[in-house]
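[1] Build me a structure from this.
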Amino acid sequence: MKINDLISSFTIQMSNEENKIFEKLDTQIPLSLFNEREQFVIQNLIRKSLVSKIIMNGQTLVVKND
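    Residues are numbered from 1 along each chain as shown. Have a look, this model is predicted:
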């Protein structure tokens, strides 16, 4: 039996602040466009595997995972 068979619904908890920033990340956005607080929240979302960090041409981009 697989773990997916046991767990029918799996959600990761997000704060209101995290959710607001998460909704902005539909496309690849440079991390430098966010202020320091937003960058901290984005780092938390990266740790939760909800957001991916992409390094392209020396620039750090972030985009949400689907």
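[2] Which residue is the nearest non-sequential neighbour of the spatially most central residue of the chain?
    In the chain, the residue lying closest to the centroid (C-alpha atoms, centre = their mean) is Val51, at 2.3 Å. Sequence neighbours aside, Leu45 is the residue nearest to Val51 in space, at 4.1 Å (criterion: C-beta to C-beta, 6 or more residues apart in numbering). Just so you know, the C-beta spots here come from the backbone N, C-alpha and C atoms, and that holds for glycine as well.
[3] Asn57 versus that neighbour, what's the distance?
    According to C-beta to C-beta, to the nearest Å, Leu45 and Asn57 sit 23 Å apart.
[4] ok, back up a step: for the residue nearest to Val51, give me its contacts.
    Applying C-beta atoms under 8 Å, 6 or more residues apart in numbering to Leu45 gives the contacts 14, 18, 21-22, 51, 64.
[5] circling back: give the contact list for the residue nearest to the centre of the chain.
    Contacts of Val51 by C-beta under 8 Å, 6+ apart are 22, 25, 42, 45, 62-65.
[6] Show me the helices in this protein, by range?
    3-6, 16-24, 36-47 (DSSP state H).
[7] Among the ones you listed, which comes closest to Pro30?
    Counting by C-beta to C-beta, Pro30 lies closest to helix 36-47 out of these; the figure is 10.9 Å.
[8] Tell me which residues of the closest one come out buried.
    Using 16 or more other C-beta atoms under 10 Å as the test for burial, helix 36-47 gives 41-42, 45.
[9] for these, which one is nearest Ile29?
    Nearest to Ile29, judged by C-beta to C-beta, of those is Ile42 at 9.5 Å.
[10] any idea how far Val51 is from the closest one?
    The gap separating Ile42 from Val51 is 6 Å, by C-beta to C-beta.
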